[in-house]
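Asks: structure for the following, please:
(chains A and B)
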Amino acid sequence: MPEVKVKEIKTLSYARPAIQKGYANQTLYVDLSDSKISIKPVSDKMKETFVGGKGYDLWLLWNAVQGNTRWSDPENTLCIACGPLGGTPIYPGSGKSIVTSVSPITGSVMDSNVGGYFGPYLKFSGFDALEIQGKTEVPTVILIDGINQQIRILEVTGLPEDAHGISEILTNHFGEGRPRNISVVCTGPGAKHALIGCLNFSWYDQRRSRSRLKQAGRGGLGTVFADKGLKAIVARWDTVTLALNNPADEAALKKVARLHSQEIVEQDPKQNQMSIVGTAHLVTIMNDYDLLPTHNYRYGQHPQAPNVGMEVYRLLFDKGYDGCWIGCTLACSHGVKDFVPSTGPCKGRKIFVDGPEYETIAGCGSNLGIFDPFHIVEMNFYCDTYGLDAISVGTSIAFAMECFEMGLINETHTGGMDLSFGNRVSSLELLHQMAKGEGFGKIVGQGVRRMKEIFSKSYGVDLAFLEDIGMEAKGLEFSEYMSKESLAQQGGYGLALKGPQHDEAWLIFVDMVHNFMPSFEQKAEALHWFPLFRTWFGLCGLCKLPWNDIVPANNKLTEEPAKVMQHVKWYAEYFSAVTGRKIGPNDMITMSERVYNFQRIFCLKMGFGRREHDAIPYRAMGPVTVEEYESRADRYDKQLRDVYRVDIQGKGTAEKVKILRKLREERYEQLKDAVYARRGWTKDGIPTLDTVRRLGIDFPEVLEVLKAHGVR
Amino acid sequence: MVRIAGREFCWREGMTVADLLKELGDPYPYAVVRISDRLISRPDFGNATVPNDSEVFLIPLISGG
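Replies: Here you go, the predicted structure:
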């Protein structure tokens, strides 16, 4: 390995402010083009309107880019923020960072949340948010050194390309014997060649003496990072204590933190056992309810699914504490120790793999027709170390595999590779090709939307069919749930601002299995409340898992069990205790509503954010092919007969597919109408003037965007 | 003996999850239970048997993702 050399480009010394009630009250700006470093104050108005975290990110990004800014333009900005509650070491899930930028795959605003220590270390170093603009030709590392109160832009040569290597070397280099003081943000070689690059955020695992990685996966943020010429951003901070956030009411904070923390300790062993198996418990449950995507979302069930379920990963995960933030009792970031990959640059070497979580199991496993737990671990490792989003990798390969199986593409296109479902060797080879920017993997690494264009224009494939089976919306690949039988989840995916990621509204179980929202109005109400409540976590620097993955023992007796109102009340108390701003559950929704509507208008500014952009492929709504229909013929026939009152007597499957499609597409459009009305938007999906005025986001520049789109 | 939700029930040969939930008399629409390390979903409640001396956990599962 070449020697790592560090050369100073620019250093700014600063006086670190004390955190006041969760806020540093300033943000850090770095322009890579001219090595400029500056510190910006946070105004009271900014704090009141945007709260922190994702809200700050979006406001900074809004001011940095124009409507015609493309992802690779120097003015595109990568923003990373924590939030006022972030960095609290005794409240579970309080270490999240939110990253935003203009996305290479959607062209619009992207946000992605991630664990690890970076966000809290950034704040404790004196900054509520970080903006990185510009580009550089030299391999650059930004060091935010809260201990020495210096921001340094460094040219660092000799670093490896892979995320694990970069994280380990920089942790040791800047840790000065205390590696836990370091958190590294970096990507990997894949992000240079693919549009679906992810960011890795590190946290130091004391017991295992290694840097562990979490991912801001969605939307190609790693690609933006690599395109800017960045090798890494490093945050350096010392010991974390409760007092660092200088909470307004420390006693109240301790009380509510203890309640939530203790409840998880007591209830997790009786419920999802996330501290032992993470989200792997979902695999067989999703499979049992026909919700686990298999074979590019054709089907939701497979007899081999238990091979990649909780019972297997329970045995593979290394035992021990796996909290990606200090003191989190949920501690779900599990990993596999001493794994030996069978391919790629680490072939034959023992490595530690962070994961897999449910999404990777489904995306790089079942959705490819692969039910080999070790294959999934290997895909997981290479996605991370190459800096590629495991969800988009999985969904993109699944699409290519279906095209191959249907004969739409063949071995002349794939470079001789057999891309049949279940082909483990080919899926790994594609991943390695993505990282190197070679072969057919380079095409797959552009994501589903661009593959559709290429297959249609260059290979002559019917675009309409590709639109039906290519699982992307707004340019973002779907995450790993079957939404065919849940209208609410179709809305959860299609109406999500950034694209079909479940972190806005995961309603599939409460809608389809529990039937908690049978009416149209209830679904629309859920598609108002849940995205807003989940937005709130992103504003504050929190993980959502402690909210509703472990619930109070008496939650089922409450009026609305899906909302877990006991926890909602605790979060309101938590926010009040840290910031001194007394809020209740309704205030949390209003706080989110401001930022949510602002983000929708931001999408509009970038040329998106209208009704047409909330379209989803028909595969997300129902059976595209005769084979899909016939595999669940009883279900579909019954629905046509009993729900839609269609006389199906004598009708062939192809005709029934067509009738069902028309009905389901109409139903989705009706859902849009209901949700837009509930959100205070026009029929075209744009926030009305009344809505922006009510929320206090009627800034002149916002009104200008609305006016340009006919809202006056 | 079988334990569920802090209560104990007499075990009998061939007892299924559905039988046990009926005896429990809890009207909540549970979708999943766990026996030891094994998850069982509602579609299988009628044919999944409960071993003697086991503890059955009621999984709320209103979340995920």
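Asks: going forward, measure contacts between C-alpha atoms and count neighbours the same way
Replies: Fine.
Asks: residue of the stretch 101-250 of chain A closest to chain B, please.
Replies: Closest approach between the stretch 101-250 of chain A and chain B, counting by Cα to the nearest Cα: A:Asn113, at 13.2 Å.
Asks: let me see the contact set for A:Asp637.
Replies: Taking Cα atoms under 8 Å, 6 or more residues apart in numbering or on different chains, we find A:Asp637 in contact with A:Ile648.
Asks: and it, how far is that from A:Asp647?
Replies: According to Cα to Cα, to the nearest Å, A:Asp637 and A:Asp647 sit 10 Å apart.
Asks: re the thing from before, surely the residue of the stretch 101-250 of chain A closest to chain B touches A:Ile98?
Replies: Yes: between A:Asn113 and A:Ile98 there is a contact under Cα atoms under 8 Å: 4.4 Å.
Asks: the two: which has the busier surroundings?
Replies: Legend: neighbour count by other Cα atoms under 10 Å in any protein chain shown for A:Asn113 and A:Ile98, higher for A:Ile98 (29 against 25).
Asks: quick one: mean pLDDT for the strand or helix carrying that one?
Replies: Secondary structure assignment for A:Ile98, by DSSP states H and E: strand A:97-102. Mean pLDDT, computed over strand A:97-102, is 98.
Asks: shouldn't the residue of the stretch 101-250 of chain A closest to chain B be within a strand?
Replies: Yes: A:Asn113: assigned to a strand according to DSSP: H, G, I helix; E, B strand; the rest coil.
Asks: show me what contacts it?
Replies: By Cα under 8 Å, 6+ apart, the residues touching A:Asn113 are A:96-99, A:216, A:538.
Asks: now do the contacts for residue 46.
Replies: Picked chain A for this. A:Tyr56.
Asks: not quite, I wanted chain B
Replies: B:16-19.
Asks: okay, these in JSON lines with distance to A:His514, neighbour count and pLDDT next?
Replies: What follows is the contacts of B:Gly46, written out as JSON lines (distance: Cα to Cα, whole Å; neighbours: other Cα atoms under 10 Å in any protein chain shown; pLDDT from 0 to 100):
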{"residue": "B:Thr16", "distance to A:His514": "21", "neighbour count": "19", "pLDDT": "97"}
{"residue": "B:Val17", "distance to A:His514": "18", "neighbour count": "24", "pLDDT": "97"}
{"residue": "B:Ala18", "distance to A:His514": "17", "neighbour count": "18", "pLDDT": "97"}
{"residue": "B:Asp19", "distance to A:His514": "20", "neighbour count": "16", "pLDDT": "97"}
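Asks: near chain A, which residues of chain B? Just list them.
Replies: Neighbours of chain A within chain B, by Cα under 8 Å from any Cα of the partner chain: B:28-29, B:31-32, B:37-41, B:43, B:57-65.
Asks: distance of the residue of the stretch 101-250 of chain A closest to chain B relative to A:Gly83?
Replies: 12 Å.
Asks: likewise A:Cys328?
Replies: Going from A:Cys328 to A:Gly83 by Cα to Cα gives 17 Å.
Asks: more crowded one of those two?
Replies: Counted by other Cα under 10 Å, A:Cys328 and A:Gly83 do not tie: A:Gly83 has more neighbours, with 31 against 23.
Asks: quick check, that one in contact with A:Gly55.
Replies: No: in this structure, A:Gly83 is not within contact of A:Gly55 by Cα under 8 Å, at 9.0 Å.
Asks: okay, now A:Asp238: neighbour count?
Replies: Residues near A:Asp238, counting by other Cα under 10 Å, number 16.
Asks: cool, and A:Ser43?
Replies: If you count neighbours by other Cα under 10 Å, A:Ser43 ends up with 11.
Asks: just give the closest residue to it, not the sequence neighbours.
Replies: A:Asn25 (7.7 Å; Cα to Cα, 6 or more residues apart in numbering or on different chains).
Asks: next one: A:Asp511
Replies: Distances taken as Cα to Cα, 6+ apart put A:Met517 closest to A:Asp511, at 5.7 Å, once the chain neighbours are dropped.
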